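Chemist: Structure, please.
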Amino acid sequence: MSFGCGTRRIPGGVANLNYPSFVVVFDRINDGVRRLTRTLTKVSAKPETYNVTYAAPEDVQVTVTPMTLELKGKNEKRNYTVEFSLQPQGKVRPAGTWDFGHISWENRKQRVRSPIAFNWKI
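Modeler: Numbers count the residues shown, from 1 in each chain. Alright, predicted model coming up:
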């Protein structure tokens, strides 16, 4: 017996699934730039504003858009995009090397932190 399944492509590949963590693979296909999008869902009823902070290896530039998220109502959703770019004069790393960082959305009371795993395949 065989079962057929349709296949569906995810823009940006499986790294663009809406998981709280990020896996960023730098390879020859993406020319040292990866753009990933995530969606946050507000779970509390009170309005809140979050600002982004991040940590990444020194040779990776991180750009988060927008840098501030304002959430007003329960179950409200907001998207943000993160661009990870290798710096032209960045440290050359052997293929298979891993490094780590994080993105945090913070306000006075809370911090929502997403780990980032970076892998070099170039």
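Chemist: measure stretch 51-61 end to end?
Modeler: With CA to CA, to the nearest Å as the measure, the ends of stretch 51-61 fall 18 Å from one another.
Chemist: nearest residue to the spatially most central residue of the chain other than its sequence neighbours?
Modeler: Geometric centre of the chain, nearest residue: residue 22, 4.7 Å, by CA atoms, centre = their mean. Taking CB to CB, 6 or more residues apart in numbering, and ignoring the residues beside it in sequence, residue 22 has residue 116 as its nearest neighbour in space, at 4.4 Å. The way it works is simple: take the backbone N, C-alpha and C, and place the C-beta from them, glycine included.
Chemist: Tell me how many other residues crowd residue 48.
Modeler: The local packing count at residue 48 equals 17, with neighbours defined by other CB atoms under 10 Å.
Chemist: and it, bridged to which residues?
Modeler: According to DSSP bridges, the residues that bridge with residue 48 are residue 71.
Chemist: what's it in contact with, if anything?
Modeler: With contacts defined as CB atoms under 8 Å, 6 or more residues apart in numbering, the neighbours of residue 48 are 42, 70-71, 107, 110.
Chemist: Please enumerate the strands of the chain.
Modeler: Applying DSSP state E to the chain gives strands spanning 22-26, 33-41, 48-55, 60-65, 68-71, 77-86, 97-106, 111-120.
Chemist: can you redo the ones you listed as a markdown table with mean pLDDT?
Modeler: Formatted as a markdown table, the strands of the chain follow (pLDDT from 0 to 100):
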| stretch | mean pLDDT |
| --- | --- |
| strand 22-26 | 91 |
| strand 33-41 | 91 |
| strand 48-55 | 97 |
| strand 60-65 | 97 |
| strand 68-71 | 96 |
| strand 77-86 | 95 |
| strand 97-106 | 96 |
| strand 111-120 | 93 |
